[in-house]
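Engineer: Here you go, sequence then predicted model.
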Amino acid sequence: MEWEEAVETIRPHVVKIETERGHGTGFVCAIPSNAGYYGLATARHVVDHANHWKAPIRLHHEQSGSSVLLQESERAIFMERTGNDFAILLIRERSLNLLSNPINLLPSVIPLRLGTSIGWLGYPLSFGLSFFSGRISGVGSTLGRHDNTHLIDGVAINGVSGGPVFVRDPDTV
C-alpha cells in the first residue's frame, strides 16, 4: 500500500479537536455500543484544560464537513494519569457523520522495530488535515525503559498532537 492510499484509509476516522486554548487532533478508536457512544483517542494535553474547567470542546470532521460543539455534560473524558499523554473522549454520534468502524489498532504489546517507516495525520497550525512521515528511532527497551515507548524521527507541530500514527502493510494500514 502506498502512503497516499494509507492516508485515504485513515482520513475518514480523523477529527480536529478545538478548545478555548487551542486545538489538536483525534481519531475514532471505538464504535457505538447499544448506548450509542463513540470513543475518540487524543493526547491528554489537548483536552486536559477543557476537562478541568468544564469548558466546551468543538469537533470538526473534515471528511463529512460536519462540526459539533460539545458542552461538558455532552461528553466524558478519560485521561491516563500515569504520565502518558493519552485521553479518550466519549461522545454521542449526533451530527458528525463519523464512520461506524474504528481504525485497526496495533496491539500495545507489540513494539515497532527500529527503522520502521511510519506516518501520522494531524491539523498543524491553521492548515487542514496534513500528512507527516518518519521512522522509529528508538524503542522502550533500547531507551532503558520497560514500556512500549517509541521515539519518532519526524515533525511535531502544534495541532498535530493526538492524531493517529500508522504503519503500512501490503494490503492494510
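Structural biologist: Received, thanks. If you're wondering where the values come from, they're calculated on a predicted model, not measured in any experiment.
Engineer: lowest-pLDDT helix or strand in the chain?
Structural biologist: Here the helix or strand of the chain ranked lowest by mean pLDDT, DSSP states H and E is strand 150-153, holding a mean of 88.
Engineer: Show me what the very next helix or strand once past it packs onto, helices and strands only.
Structural biologist: Remark: after strand 150-153, the chain's next helix or strand is strand 165-166, criterion DSSP states H and E. Other helices and strands packing on strand 165-166, by 3 or more C-beta pairs under 8 Å, 6 or more residues apart in numbering; DSSP states H and E, are strand 117-122. All C-beta spots, glycine's among them, are computed from the backbone N, C-alpha and C.
Engineer: hang on, Gly163 packs against Gly119?
Structural biologist: No - Gly163 sits out of contact with Gly119 when judged by C-beta atoms under 8 Å, with a separation of 10.1 Å.
Engineer: more crowded one of the two?
Structural biologist: Neighbour count, other C-beta atoms under 10 Å: between Gly163 and Gly119, Gly163 has more, with 29 against 19.
Engineer: Per-residue pLDDT of the more buried one, please?
Structural biologist: Among the per-residue scores, Gly163 shows a pLDDT of 95.
Engineer: same question, His146
Structural biologist: His146 is given a pLDDT of 64.
Engineer: What ranges does this protein have for its helices?
Structural biologist: 3-10, 44-52 (DSSP state H).
Engineer: For the longest one, buried residues please.
Structural biologist: Put plainly, it is helix 44-52. Arg44, His45, Val46, Val47, Asp48, Ala50, Asn51 (16 or more other C-beta atoms under 10 Å).
Engineer: Serialize these to CSV and add fields for distance to His23 and pLDDT.
Structural biologist: Formatted as CSV, the buried residues of helix 44-52 follow (distance: C-beta to C-beta, whole Å; pLDDT from 0 to 100):
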residue, distance to His23, pLDDT
Arg44, 15, 95
His45, 12, 95
Val46, 8, 97
Val47, 11, 97
Asp48, 13, 95
Ala50, 11, 97
Asn51, 15, 96
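Engineer: got a markdown table for those residues, with distance to Ile10 too?
Structural biologist: Below are those laid out as a markdown table (distance: C-beta to C-beta, whole Å):
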| residue | distance to Ile10 |
| --- | --- |
| Arg44 | 21 |
| His45 | 22 |
| Val46 | 18 |
| Val47 | 21 |
| Asp48 | 25 |
| Ala50 | 25 |
| Asn51 | 26 |
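Engineer: Which of those residues sits closest to Arg21?
Structural biologist: Lowest distance from Arg21 to the buried residues of helix 44-52 (C-beta to C-beta) belongs to Ala50, with 7.5 Å.
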